[in-house]
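[1] pasting the sequence and the predicted model now:
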Amino acid sequence: MRKLYQADKTDTVKSSAKADLPPAYKKIEDNLASHFATKVKMVHNKKGYGSITIEYFSLEELNKILDAMNVTVS
């Protein structure tokens, strides 16, 4: 008789390789999203470095983000 595979606790998939952002960094992420009026993703690691991703969904939205950052395009 063939035994059906059952996942035990050691076989569960981790929900994420990275930990959730600490509350202070989550607040920064939320403030940036509000400021730019678009989705912002912040990644911060224990060594003290990371990245910020600002999404845009049209060229008009990109231009609004650039204006908010005072970035001029030549």
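    Noted; the coordinates are in hand.
[2] can you report phi and psi for the residue nearest the centre of the chain?
    Residue closest to the average C-alpha location in the chain (Cα atoms, centre = their mean): Lys41, at 2.6 Å. When read as degrees, to the nearest 10, the backbone of Lys41 gives phi -120, psi 130.
[3] how about Asn63?
    Main-chain dihedrals, Asn63, degrees, to the nearest 10: phi -60, psi -40.
[4] just give me the neighbour total for it.
    Using other Cβ atoms under 10 Å, Asn63 is surrounded by 13 other residues. From N, CA and C alone the C-beta is placed, and that goes for glycine too.
[5] Three-state assignment for the nearest residue to the residue nearest to the centre of the chain once chain neighbours are set aside, please.
    In this structure, Lys41 finds its nearest non-sequential neighbour in Thr53, 4.4 Å apart by Cβ to Cβ, 6 or more residues apart in numbering. Assigned by DSSP: H, G, I helix; E, B strand; the rest coil, the conformation of Thr53 is strand.
[6] show the contacting residues for Thr53.
    40-43 (Cβ atoms under 8 Å, 6 or more residues apart in numbering).
[7] ok, of those residues, which come out buried?
    If you count burial by 16 or more other Cβ atoms under 10 Å, the buried members of the contacts of Thr53 come out as 40, 42.
[8] ok, which pair from the contacts of Thr53 is furthest apart?
    Using Cβ to Cβ, the pair of those lying farthest apart is Val40 and Val43, separated by 11.0 Å.
[9] give me the common contacts of those two.
    52-53.
[10] and the strands in this protein, which stretches?
    Using DSSP state E, the strands found in the chain span residues 40-44, 50-54.
[11] any chance of these in JSON lines, plus mean pLDDT and distance to Ala33?
    Below are those laid out as JSON lines (pLDDT from 0 to 100; distance: least, Cβ to Cβ, whole Å):
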{"stretch": "strand 40-44", "mean pLDDT": "96", "distance to Ala33": "4"}
{"stretch": "strand 50-54", "mean pLDDT": "97", "distance to Ala33": "9"}
